[in-house]
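Trainee: Only the shape, not the letters, is given here:
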């Protein structure tokens with residue numbers, strides 16, 4: 001089913017406005033300013049958000065529906081994104097930007113980074129659909145296809161990240177728009193959101209943040 005590109009983009013930003021207004025106040029501390037931790041290019045929060053050991057079912061071939069924690073593996077990062085595969089513009093752009101950023105990492109660094117897309121449209125995004133979608137952008141084993149039909153479970157996870165979504169009313173053909181928060185969240189192995197990247201952050205800047213955070217994890221393992 002198709003959705004209208006222009007309206008979807010408007011809705012995506014509309015639902016994110018409350019979050020982005022809050023984050024805008026943090027830009028001085030978190031967008032490459034010298035006072036931010038390590039001069040990170042993305043947005044940092046004080047205190048940071050945390051995934052609070054929350055888990056979601058992973059439909060990727062490697063997990064087959066087993067629940068996974070929304071945090072990086074040991075000394076690694078999980079890049080969490082809330083979206084949907086029918087999104088005509090924001091989601092594919094975000095995934096393409098992430099692919100470009102990860103391509104700038106060396107092989108050892110890249111192995112420590114996993115992309116986790118949490119679908120906010122589970123009715124249309126089956127596990128097979130999610131796997132096919134993410135497989136266009138990333139290699140096998142580089143992504144988690146996170147999907148739950150439990151609306152309360154999804155709401156708890158979104159709340160922990162400060163994200164949200166809203167399903168539009170279906171039209172006569174059953175098509176509907178989905179609004180959602182477009183940020184990408186980098187979560188360390190302790191479930192702490194280290195940095196967030198707004199929509200269309202330059203992939204080069206994302207790559208620099210990833211390199212910095214992975215280096216920090218090497219220097220201070222288990223912190």
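Mentor: That came in fine, so what should we check first? Only a predicted model underlies this, so the values are computations on that prediction, with no experimental measurement involved.

Trainee: After the helix or strand residue 157 falls within, which helix or strand is next? Please name it.
Mentor: Secondary structure here is read from DSSP states H and E; on that basis residue 157 sits in helix 151-161. Heading C-terminal from helix 151-161, the first helix or strand you meet, by DSSP H and E, is strand 165-167.

Trainee: Contacts for that following strand, please.
Mentor: Applying C-beta atoms under 8 Å, 6 or more residues apart in numbering, the set of residues contacting strand 165-167 from outside is 11, 15, 82, 120, 121, 158, 176, 177, 178, 179, 180, 181. Heads up, the C-betas are built off the backbone N, CA and C, glycines and all.

Trainee: Looking at the residues you listed, spot the one nearest residue 113.
Mentor: Taking C-beta to C-beta as the measure, residue 82 is the one of the contacts of strand 165-167 closest to residue 113, at 18.0 Å.

Trainee: What separation do you get for that closest one and residue 157?
Mentor: Spatial separation of residue 82 from residue 157 under the definition C-beta to C-beta, to the nearest Å is 8 Å.

Trainee: any residues in contact with both of those two?
Mentor: Shared contacts of residue 82 and residue 157 (C-beta under 8 Å, 6+ apart): residue 118.

Trainee: of the two, who's got more company?
Mentor: A side-by-side neighbour count of residue 82 and residue 157, using other C-beta atoms under 10 Å, places residue 82 first with 24 against 20.

Trainee: for that one, what are its contacts?
Mentor: The neighbourhood of residue 82, defined by C-beta under 8 Å, 6+ apart, consists of 117, 118, 120, 158, 161, 163, 165, 180, 181.

Trainee: I appreciate the help and will end here.
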